[in-house]
Each structure stands twice: as structure tokens, then as C-alpha cells.
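one predicted model, sequence on top.
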Amino acid sequence: MSAHGPATPMTARAGGPLAGTAVIPGDKSISHRSLILGALAVGETRVTGLLEGQDVLDTAKAMRAFGAEVTRTGEGAWSVHGVGVGGFAEPGDVIDCGNSGTGVRLIMGAMATTPITATFTGDASLRKRPMGRITDPIALFGAQSYGRSGGRLPMTIVGATTPVPVRYRTPMPSAQVKSAVLLAGLNAPGQTVVIEAETTRDHSERMLAGFGAEIVTEETPEGRVITLAGQPELRPQTIAVPSDPSSAAFPVSAALIVPGSDVLVPNIGLNPTRAGLFATLRDMGADLEFENERLEGGEPVADLRARFSDLRGIEVPAERAPSMIDEYPILSVVAANATGTTIMRGVKELRVKESDRIDAMARGLEACGITVEEDEDTLIVHGRGPGGVTGGATCATHLDHRIAMSFLCLGLASRNPVTVDDAGPIATSFPIFADLMRGLGADLQ
């Protein structure tokens, strides 16, 4: 069974080249944050281009439960009438965040410094994921947490009655942890400070500044130091969400490995804390062009053209991992179709995503004829070159949307079809994936 109903197998077969324009849904990270910060502002925030995948819809539902008025006004268009910082009401029922680690962790942070109690749960995959990385720092503000052993959902958070500001060094590179602490800091007096040794995606900092929060980022010898002044009145915003680079990774990567392909992906967010995959693909020899580069809502955006390329294996710098952590599954598929060995280090965070993504990709690639090596923090793929992947396997997705999409892209360039055991979870982040890929010429059944 899928987390969202009966399992839905899907098979990808090699065919002709992929060609055309791939219009990608809105960025998931920015979509979550626009709803949450809209709910914490005073007045109406309008959002266009919102990703309407299940993860983001679950966050919208949660914001309603905390008292915000959240309304869909058209395709990708939403209105959020916020309750102000510290204005969250106590939910009348359990908050179900479905499959979304981002949603549940950011919402826990946002409510942790308000004197209310909320209980969170999620699907089978989310209930396995560690929440201690959030409950530890919010405890410093004065919040209390009660969950299952190992810090797992379901979990009840009792918000701090008299929150205190926090100075917190993140123990791992995680934009979710950083963002949760900053959101908690909004309703704490004084200055909340987050220090990160490695830079992670900075959508929260950019958007907090856009909503009127006083937030300063400095590069120092001890790392990146982000200082937030507490208890601001956030101003409502009009937000145009750029297309999600993590979703764009799939048609872009498929175009690079399917002979003769030429695909244009417009309006892609190119935030430097998110664009590590595209830099890595270029290092491998990918034919990628950035056209019409521009700024929208403080985020760099461009139209991206990808053409079939003769790729070579490389060693991906470990320090690049935070800027492409969600893209390693599809990168491993590209690496399988490259000539030579690709070494990916510094990727242990993949062990605690929706699945153990290192293990999931390694086992599926091996079943498709690829030699793989791994340890706790490293994935090594020995590429077979263009047209060299045997395929012919059914790959386990472990209820993980990115694993499912990655192996379907692999099937488009393999000698034999590749099947995934359940394509259902794809709806959590990229509900139009199959239709979009078919529109480019992909054989998905």
C-alpha cells in the first residue's frame, strides 16, 4: 500500500528523444514558507504559482487549523489572511502533515513560542523520520515535546508560555532546522541567532526580510551567523513562486541522458543555495544554457535549456551537498549514464530523508546492472556510458517521491524497461510529473 492509497506501479521505456517545453510547478520550499509566513503576517498575503502538491496542501490545511484564513482563488493562486506573530490559535484536532518533513518541522517551529498545544502526525514514511533535530532547539525557547521513542511522530508540542531568545549552532547542515529556529524566534523577545557551519538554502531568510522582519546574515570565522529581531509585525506580501529546481531536475536530467533530446524549462529558481545540481551537471559536461536571467521576488530566476550530452564521471565536492541534497538520487541516475566513475561525498543526510535514499538508489541501480559502492556518507556510481544501462528491474521506492521519479528517468535511457513499485508518492511534490514527461515524448505506462 502507498501512503496515499493502493500501490501504483509505473514503467518507463526508452523511445525517441525528449523535446519541447516543460512548465514546472512552483518551488515546494518557497510554497511552504509563503503559506506559513502569510499566516504569521497581519493582513492578506497573495500567492501565485503555489505548488499544489499534497505536501503544500497539508501545510495550507495546518495554517487554517491554527486560525489563518487560507483560500484558493485560482490555479496556483491563494489568499492568506494572517493572524500575526504570536496569534496562532490552538488547533481543535491533530495536525496531519502527510509526507512533508519540511511542513511539519517548520510548523513546529512557528508554533513553539506561542502558549498553545498541538499534536502532529504524518504518513508511514514521515512517522519514521527524526524530529529531535527540531524538538531539541525549540526546547531552548521553552517549548516541551512529547513523542514516540526516538523522537518520532505522533508528537505533541506545548508552546512556550514565556519564550526566551536563543543562540543556536545547527549540528548538521539543514535548512529545515535553521528555518524552524528562526520561525520560533519570531515570537521570542530580543535577538535569536542561528549559526551554521555550512550554508544551506536561504529561502527563509530572504522571505522573512521580504515580510519585514529585521534579519541580518554575516559570514564569520565560526560560520554563517543569522540574527533575527523578535516580535516584529510582519507585513503581508504578494509572492510569485518560481518553478521548483528540485522538480526541474528530472526533465533536465532525462534530457541529458536520452539521445537527441532538447528540452526548455522556463522560470526556474536559481537560488545559489539550491543550484548545486546544475553546477555539477556542467562539471560532467552537460549542455545546459541559462537564458533570460532575472530577479523575481528577491530570487534569481532563468529559463534553462538542456540537450543530450556525452557525460563523464566526476568527484562531486562534499561542500556542495547542502545546495543539492534532494538531487542526489537523480544525479546517481545521470552518473549511471556517464562514462567513468562519479563519487558523491558528504551525503549522509540522505539516510534520513523520506527513505534511506543512498540505500534505495544503490539497490535499484544494482538491479539495473550498475556497479555501486556506498558507506554511511558516500555514494559511488560506476557509469556505463550512453546506452550502457541494462535496466529490466522493478525498483522499490520506499514511499519516496524522488526515488520513484529518478528510476522512471533511468528507464527512459535504459536498454530494457524499468518499473517502480509505487508511483503514488510522486503526487506529494510533483503531481503532474507523468503527464509532463509524456508531453515531452517519454514512454511512461
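Happy to help now that I have it.

name the element Val263 belongs to?
strand 262-269 (DSSP states H and E).

could you look up the SS state of the residue of the chain most remote from its centre?
The C-alpha centroid of the chain is most remote from Thr162, which lies 32.5 Å away (CA atoms, centre = their mean). With DSSP: H, G, I helix; E, B strand; the rest coil as the basis, Thr162 sits in coil.

what sits closest to it if chain neighbours are left out?
Gly142 (6.5 Å; CB to CB, 6 or more residues apart in numbering). C-beta coordinates here come from the backbone N, C-alpha and C atoms, glycine included.

tell me how far that neighbour lies from Leu281.
45 Å (CB to CB, to the nearest Å).

more crowded one of the two?
Legend: neighbour count by other CB atoms under 10 Å for Gly142 and Leu281, higher for Leu281 (26 against 19).

what pLDDT does the more buried one get?
pLDDT for Leu281: 98.

now Gly297
pLDDT, Gly297: 66.

show me where the stretch 51-200 of the chain has its strands.
Using DSSP state E, counting those that start in this stretch, the strands of the stretch 51-200 of the chain run over 69-74, 77-83, 95-96, 117-121, 144-148, 152-158, 167-169, 191-196.

alpha carbons only: can I get stretch 99-106 in CSV?
Output of stretch 99-106 as CSV, limited to C-alpha atoms (Å, rounded to 0.1, in the frame of the first residue of the first chain):
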residue,chain,number,x,y,z
ASN,A,99,4.6,13.1,3.8
SER,A,100,6.1,16.5,4.4
GLY,A,101,9.2,16.8,6.6
THR,A,102,9.5,20.4,5.7
GLY,A,103,5.9,21.2,6.6
VAL,A,104,5.9,19.5,10.0
ARG,A,105,9.3,20.8,11.1
LEU,A,106,8.6,24.4,10.0
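
and for it, what's in contact with it?
Defining contact as CB atoms under 8 Å, 6 or more residues apart in numbering, one finds that stretch 99-106 is touched by 3, 28-29, 32-33, 36, 54-56, 58-59, 62, 95, 97, 120, 122-123, 125-126, 129, 131, 133-134, 153, 176-177, 179-180, 183, 353-354, 399, 401, 425, 428.

repeat the analysis, applying 7 Å as the threshold.
Here stretch 99-106 makes contact (CB atoms under 7 Å, 6 or more residues apart in numbering) with 3, 29, 32, 36, 54-55, 58-59, 62, 97, 120, 122-123, 125-126, 129, 134, 176, 179-180, 183, 354, 425, 428.

just the ones in helices from those, please.
Among those, the members found in helices (DSSP state H) are 29, 32, 36, 54-55, 58-59, 62, 134, 176, 179-180, 183.

of those, closest to Gly383?
Closest to Gly383 out of the ones in helices among the contacts of stretch 99-106 is Ser29 (29.9 Å), distances taken as CB to CB.

distance from stretch 359-366 to the middle of the chain?
Put simply, stretch 359-366 sits 21 Å off its chain's centre (CA atoms, centre = their mean, to the nearest Å).

typo on my end, it should be stretch 188-198
From the chain centre to the centre of stretch 188-198 is a distance of 22 Å (CA atoms, centre = their mean).

okay, how far is it across it, tip to tip?
25 Å (CA to CA, to the nearest Å).

now swap in stretch 117-132 and tell me
Stretch 117-132 end-to-end distance (CA to CA) = 18 Å.

could we number from 36 for the rest of this?
With the count now opening at 36, the last piece we talked about shows up as stretch 152-167.

ok, and what's touching it?
38, 125-126, 129-134, 136, 139, 143, 146, 182, 185-194, 387, 389-390, 434-435.

mind listing what's buried along that stretch?
Neighbour counts over stretch 152-167 (16 or more other CB atoms under 10 Å) mark Ala153, Thr154, Phe155, Thr156, Gly157, Asp158, Ser160, Leu161, Arg162, Lys163, Arg164, Met166 as buried.

over to stretch 378-394?
Buried, per 16+ other CB under 10 Å, within stretch 378-394: 379-382, 384-385, 387-393.

same thing with stretch 91-107?
Of all the residues in stretch 91-107, those buried under the rule 16+ other CB under 10 Å are 91-103, 105.

picking that back up, just the buried ones from the ones in helices among the contacts of stretch 134-141?
Buried members of those, counted by 16+ other CB under 10 Å: 64, 67, 71, 89-90, 93-94, 97, 169, 211, 214-215, 218.

need these in TSV (columns: pLDDT).
Output for these, formatted as TSV (pLDDT from 0 to 100):
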residue	pLDDT
Ser64	92
His67	97
Ile71	98
Gln89	92
Asp90	93
Asp93	97
Thr94	98
Ala97	98
Ile169	97
Gln211	95
Ser214	98
Ala215	98
Leu218	98
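
quick one on the thing from earlier: now, the most widely separated pair of the buried residues of stretch 378-394?
Using CB to CB, the pair of these lying farthest apart is Arg380 and Glu389, separated by 21.6 Å.

show me where this protein has helices.
Counting by DSSP H, the segments of the chain that form helices are 63-75, 89-100, 136-146, 167-176, 210-220, 238-245, 280-292, 311-318, 363-371, 392-402, 436-446, 468-474.

His433 versus the nearest residue to Ser278 once chain neighbours are set aside, what's the distance?
Computed as CB to CB, 6+ apart, the closest residue to Ser278 that is not its neighbour in sequence is Ile59, at 3.9 Å. Separation of Ile59 from His433 (CB to CB) stands at 24 Å.

between those two, which is the more surrounded one?
Each of Ile59 and His433 has its neighbours counted (other CB under 10 Å); Ile59 has more, 27 against 21.

can you give me every residue that contacts the more buried one?
Contacts for Ile59 (CB under 7 Å, 6+ apart) come out as Ser278, Asp279, Ser282, Ala283, Val300, Ile303.

what of Glu326?
Shown in contact with Glu326 (CB under 7 Å, 6+ apart): Ala337, Asp338, Arg340.

can you rerun that using 8 Å?
Counting by CB under 8 Å, 6+ apart, Glu326 has contacts Ala337, Asp338, Leu339, Arg340.

from those, pick the one nearest Leu330.
Nearest member of the contacts of Glu326 to Leu330, counting by CB to CB, is Ala337, at 10.2 Å.

specify the beta-bridge partners of that closest one.
Counting by DSSP bridges, Ala337 is bridged to Ile303.
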